[in-house]
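Build me a model from this:
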Amino acid sequence: MSGLALSNVTKEFGSFTAVNNVDITVPHGTFVCLLGPSGCGKTTLLRMIAGLDLPTSGAIKLDGDDITRVPTHKRNLGMVFQSLALFPHLTVGENIAYPLRIRGVAKEEQKKRVDELLAMIHLSGYSDRPVSKLSGGQRQRVAIARALSISPKLFLLDEPLSALDAKLREAMQVELRQLQQKLGITTIVVTHDQREAMTMADTVVVMNKGEIRQAASPIEIYRRPADTFVADFIGSTNLLEAEAKAGAVTVLGQPVSGISLGSASKATLSVRPEDVHLTAPGNGALSGTVTFVRDLGGTIETFVDVAGRQIVAVSTPRARPDVTVGQPVGVTLLPDVCVVLSK
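Prediction:
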């Protein structure tokens, strides 16, 4: 199967463009996270894929079939909303079986499918339990099982884990990813949680102002961001101004060696905090002064002022730098970890 393909998809609400000329292909069986700040267009894009909103222009195809204007109930997809939208007056089993019942599936087949799904989500024996008696994580599993009951071609989730506490959310991220891998179903999740996207996705699609800024694997997004927005939005980074003159490169006005800006005379360097090394001043390092040290248990953050700009270095407790506030230090930037960004 070819999977999902969006071509030049745009959605306008009056004079406001919520999604602008989006092109993306999602191969069959891929797990994709739409990631971005509030209002970036990710939920609108998901709703168009689901058929809840019609594109102003462009086409949406699923396995080669144009579904741009096919009604939602004929798209063979499962969807989990942020609110879960479970029926409070129905039991767990009745909630999961509901999509099958309205499709006229025989009761024996409904029960068989419900039992299969309950075993898959580790809730065997919960079929007759009222939904109101479930925990947040259990309700989440039931909503997922209900969406999967019809064996959809496409599985869509709109910030499904946002209402859970941090520990349960991380556990559910792993469970959801393992379930998707077991079923091999094409899955698209909307999230604003970077850790969630990095944990679950084969492909992360970073959006801003209705446009896709980068679509790539989590490690590619993190290590090779396409622009300053992606670099700054994904994780923590140091964005440093660099300039090339007469064959020499300066960073924050200080000369450095080994770094090339290519054909650009000015650029921004993205350097992750874990790639910043603190040394003694001199020897080609940027000169700075320690302004703050923060011990977070698993990591140590050291804040250094370099020419009025703050650079953050992160280390493990075992590799903790022997520095104190007010101490002059050198900041070493290794060329292979400096990502040159033109915008």
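
all contacts plus neighbour counts: C-alpha atoms, from now on.
OK.

Counting neighbours, what do you get for L183?
A count of nearby residues for L183, using other Cα atoms under 10 Å, gives 11.

For it, give its distance to F31.
11 Å (Cα to Cα, to the nearest Å).

Please apply the same query to Q140.
Note on Q140: its distance to F31, by Cα to Cα, is 18 Å.

Show me the domain layout of the protein.
Domain assignment for the chain, taken from automatic domain parsing, gives 4-229, 236-341.

JSON lines for those domains, including mean pLDDT?
As requested, the domains of the chain are arranged in JSON lines below (pLDDT from 0 to 100):
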{"stretch": "domain 4-229", "mean pLDDT": "93"}
{"stretch": "domain 236-341", "mean pLDDT": "93"}
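
For this protein, which segments count as helices?
Ranges of helices in the chain, per DSSP state H, are 42-50, 92-102, 107-120, 136-148, 166-183, 194-200, 218-223, 228-233.

For the second one, buried residues please.
For helix 92-102, the buried set under the neighbour-count rule, 16 or more other Cα atoms under 10 Å, comprises V92, G93, E94, N95, I96, A97, Y98, P99, L100.

next one: the longest one
Neighbour counts using 16+ other Cα under 10 Å place R169, M172, Q173, R177, Q180 of helix 166-183 among the buried residues.

So which of those residues is the closest to L52?
Relative to L52, the closest of the buried residues of helix 166-183 is Q180; by Cα to Cα it sits at 23.3 Å.

Check the gap between that closest one and M172 for me.
Per Cα to Cα, Q180 is found 12 Å from M172.

try A97
Relative to M172, A97 is positioned 22 Å away (Cα to Cα).

Using JSON lines, lay out the buried residues of helix 92-102 together with distance to P273.
Formatted as JSON lines, the buried residues of helix 92-102 follow (distance: Cα to Cα, whole Å):
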{"residue": "V92", "distance to P273": "46"}
{"residue": "G93", "distance to P273": "49"}
{"residue": "E94", "distance to P273": "50"}
{"residue": "N95", "distance to P273": "47"}
{"residue": "I96", "distance to P273": "46"}
{"residue": "A97", "distance to P273": "49"}
{"residue": "Y98", "distance to P273": "50"}
{"residue": "P99", "distance to P273": "48"}
{"residue": "L100", "distance to P273": "51"}
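
from those, which single one is nearest Q254?
Nearest to Q254 among these, counting by Cα to Cα, is I96 at 63.0 Å.

Run a quick neighbour tally on the residue lying closest to the closest one once chain neighbours are set aside.
Spatial nearest neighbour of I96, chain neighbours left out: R146 (4.1 Å); criterion: Cα to Cα, 6 or more residues apart in numbering. By other Cα under 10 Å, 26 other residues sit near R146.

same deal with R103?
When neighbours are defined as other Cα under 10 Å, R103 has 9 of them.
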